[in-house]
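> Okay, predicted coordinates and the sequence, questions at the end:
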Amino acid sequence: MFDNICKFLAENFSSDFATWLLGEPITFTELSPKELSLEPIRADALILLQSEQSILHLEFQTQVDVEIPFRMIDYRLRVYRRFPDKAMHQVVIYLKQTNSNLVRQNTFTISGTRHEFAVIRLWEQPTEVFLRTPGLLPLAVLSSIIDPEVILNEVAREINSITESRTQSNIAASTAILAGLVLDKEVIRRVLRSDIMRESAIYQDILQEGKAEGRAQGKAEGKAEGKAEGKAEALLEVASNLFNTGMPLEQIARLTGLSIEHLQYLQVTESGESK
């Protein structure tokens with residue numbers, strides 16, 4: 001789910017990411033990996049954005065991956081084949097601190113060939129960089145800080161000052177999920193307003209998952225699909241009640257049909273203290 005959140009942010013706030021990574025607020029649009037593929041390749045963490053003159057290739061990683069250098073040169077060549085006149089900027093962004101030396105690897109090298117790409121370790125980045133624009137706010141709590149809870153409070157204040165409600169809710173929800181890498185869910189609940197997060201596209205995705213489950217069960221029971229929305233709401237309510245019993249997430253997932261990732265998000269949004 002962390003990959004999906006980062007992809008959502010990069011695609012919806014591309015100029016914020018361009019300002020951070022390239023030094024200018026270029027607006028990018030999504031480039032589908034399918035446009036470059038000669039054969040299937042793992043692309044769950046892959047983000048490709050394009051402007052008229054350049055391509056921005058981002059890989060967000062929560063864990064190290066020995067295949068990263070190969071993926072970077074592979075996509076560089078694919079892009080060159082498809083867009084030989086476009087510049088390409090490739091950045092691997094590690095979200096979670098680790099002592100592995102792989103997070104410092106920024107080259108792919110074989111005999112006669114060397115390819116370089118940029119690597120960013122968020123825990124080494126200055127926090128103020130991420131407080132300047134809405135699209136980067138969710139990354140602030142993962143940056144170079146002593147107390148992530150202090151920064152989460154600062155991010156919450158910035159979120160509350162966002163006037164556009166859809167942007168506000170999406171940034172709040174993204175912040176809640178990424179903060180889960182470094183903070184306990186109870187802390188996140190206490191700091192971020194659950195009423196705002198419930199309006200986000202992310203929460204709506206959870207609702208849609210519940211609706212899909214409701215349709216599947218409705219069909220199996222010979223009931224009308226019109227009951228799907230009520231079923232979705234019921235699933236969310238059941239999950240909420242089960243959280244309070246202390247039941248393990250795996251068991252709640254089996255009972256409701258909701259994914260572990262979505263249940264983790266619901267845990268953050270449920271019963272949060274409104275500020």
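Great, that's in hand. Numbers count the residues shown, from 1 in each chain.

> where along the stretch 51-200 of the chain do the helices fall?
68-82, 148-160, 165-179, 185-191, 194-197 (DSSP state H, counting those that start in this stretch).

> quick one, which of the ones you listed is packed in tightest?
Most buried of the helices of the stretch 51-200 of the chain, by mean neighbour count (mean count of other C-beta atoms under 10 Å): helix 165-179, with a mean of 23. Yep, even glycine has a C-beta here, placed from its N, CA and C like the rest.

> where does the stretch 151-275 of the chain have low pLDDT?
The stretch 151-275 of the chain contains residues with pLDDT under 70 at 202-203, 205-235, 237-238, 241-242, 244-247, 251, 255, 269-275.

> rewinding a little: redo the helices of the stretch 51-200 of the chain as TSV? Include distance to Q90.
Below are those laid out as TSV (distance: least, C-beta to C-beta, whole Å):
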stretch	distance to Q90
helix 68-82	5
helix 148-160	28
helix 165-179	22
helix 185-191	32
helix 194-197	32
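
> Just list whatever residues bridge to L58.
Taking DSSP bridges as the rule, L58 bridges to I47, V91.

> Pretty sure it sits against F17.
Yes - with contact defined as C-beta atoms under 8 Å, L58 and F17 form a contacting pair (7.4 Å).

> anything in contact with each of those two?
A10 (C-beta atoms under 8 Å, 6 or more residues apart in numbering).

> Would you quantify the distance from Q204 to T27?
According to C-beta to C-beta, to the nearest Å, Q204 and T27 sit 25 Å apart.

> Looking at those two, which is more packed in?
Between Q204 and T27, Q204 has the larger neighbour count (other C-beta atoms under 10 Å), namely 13 against 10.

> measure that one to E35 for me?
Using C-beta to C-beta, Q204 is found at 28 Å from E35.

> likewise R132?
Counting by C-beta to C-beta - R132 and E35 are separated by 32 Å.

> same question, L178
Using C-beta to C-beta, one obtains 29 Å as the distance from L178 to E35.

> cool, and E116?
According to C-beta to C-beta, E116 stands 24 Å off from E35.

> and what of L22?
Using C-beta to C-beta, we find L22 at a distance of 22 Å from E35.

> More neighbours: these two, which one.
Under the criterion of other C-beta under 10 Å, the comparison of L22 against E35 puts L22 first, with 16 against 12.

> dump the residue contacts of that one.
By C-beta under 8 Å, 6+ apart, the residues touching L22 are 56, 89.

> per-residue confidence for it?
pLDDT, L22: 95.

> roughly how far apart are it and Q90?
Separation of L22 from Q90 (C-beta to C-beta): 12 Å.

> Which one's more surrounded, L58 and F17?
Applying other C-beta under 10 Å to L58 and F17 shows that F17 carries more neighbours, namely 27 against 23.

> remind me which residues of the stretch 1-150 of the chain are low pLDDT?
Using pLDDT under 70, the flagged stretches of the stretch 1-150 of the chain are 1, 37-45.

> what about 80?
For the stretch 1-150 of the chain, residues meeting the criterion pLDDT under 80 lie at 1, 3, 33-46, 145-146.
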